[in-house]
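# I would like to see how this sequence folds:
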Amino acid sequence: MTMVMMAGCVPDTTQFKIDYQNPSLWEKYLVIPLSSLLDLFEQYMGSYGLSIVVVTILIRIAVFPLQWKQQKSTKAMQELQPHILKIREKYKKDQQKLQEETMKLFQAHNVNPMAGCFPILLQIPILFAFYQAIMGNEHIAEASFLYLQLGEADPYYILPLLAAVTTYLQLIATGASDNPQMKIMLFFMPVMIFFLAWNFPSALSLYWVIGNIFTILTYLIFFKKNKPVKA
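Okay, here's the model as predicted:
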């Protein structure tokens with residue numbers, strides 16, 4: 001989802017430059033530190049590609065507690081859906097009673113229907129700042145990694161394919177296939193991500209693929225064992 005939001009920023013590295021002389025608060029406290037972190041790991045590892053991999057994982061670890069809360073809330077809401085549908089059917093002619101019974105259900109299972117939104121909102125600034133740190137770092141645009149020129153799109157479309165496949169697997173791992181309203185995303189999102197990654201600099205596609213793989217692994221390890229909420 002984050003990559004889609006970032007798509008509003010055209011993937012031409014000339015369109016975003018970090019203002020080191022007169023940085024905004026956003027750049028000073030988020031973008032520049034992340035860009036410096038990428039430079040730091042490059043000095044130790046000798047590769048901006050490896051630096052992107054490491055910093056991506058570190059960021060994902062940092063936002064993992066938010067991801068955990070988000071997933072617990074989402075899972076609880078999914079498991080309560082059959083009960084919610086029954087309440088809606090039973091009180092479809094009495095909106096006030098419907099709201100009262102729905103809130104009682106949430107309270108009985110200690111579920112906050114808005115809880116899943118806040119972690120997402122908190123993650124977006126961090127991930128978007130990392131996006132700008134990559135785009136605004138001129139050294140990354142000129143660097144190479146494996147067969148890739150990090151400032152240019154993948155000429156062999158390997159990363160776009162990996163981005164699409166890992167996006168699909170992430171949607172499966174996070175339970176999108178269990179939600180009828182999300183099933184269309186199983187096909188729409190991977191295709192859209194493929195075409196975005198086709199045009200994005202390889203540095204961003206690499207970031208996206210590594211982030212997807214990390215998310216898939218964390219869901220399989222930590223969230224697959226979640227027990228359903230009892231009625």
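# quick one: low-confidence parts of this structure?
Scanning the chain with the threshold set as pLDDT under 70 gives 1-15, 113-123, 175-182, 224-231.
# What residues of the longest helix along it count as buried?
For the chain, the helix reaching the highest residue count under DSSP state H is reported as helix 64-90. Neighbour-count burial for helix 64-90 flags 66-67, 70-77, 79-80, 83-84, 87 (criterion: 16 or more other C-beta atoms under 10 Å). C-betas here are computed from N, CA, C, even on glycine.
# try stretch 144-158
For stretch 144-158, the neighbour count (16+ other C-beta under 10 Å) marks 145, 148-151, 153-154 as buried.
# just to revisit the earlier point, now do the longest helix of the chain: which elements does it pack against?
The helices and strands touching helix 64-90, judged by 3 or more C-beta pairs under 8 Å, 6 or more residues apart in numbering; DSSP states H and E, are helix 95-108, helix 117-136, helix 202-218.
# Return the most buried member of these.
For those, the largest average neighbour count (mean count of other C-beta atoms under 10 Å) is found in helix 202-218, namely a mean of 22.
# Looking at the helices and strands packed on helix 64-90, which is nearest to residue 49?
helix 202-218 (6.4 Å; C-beta to C-beta).
# Could you list the residues in contact with the closest one?
Residues outside helix 202-218 that contact it (C-beta atoms under 8 Å, 6 or more residues apart in numbering): 3, 6, 11, 48-49, 52-53, 56-57, 60, 64, 67, 130-131, 134-135, 140-141, 145, 148-154, 159-160, 162-163, 166-167, 169-170, 173-174, 193, 197, 200.
# rewinding a little: what about the helices and strands packed on helix 64-90, which gets the closest to residue 33?
Taking C-beta to C-beta, helix 117-136 is the member of these nearest to residue 33, at 8.2 Å.
# Skipping adjacent residues, who's closest to residue 87 in space?
Once flanking residues are discounted, residue 87 sits nearest to residue 101: 4.8 Å by C-beta to C-beta, 6 or more residues apart in numbering.
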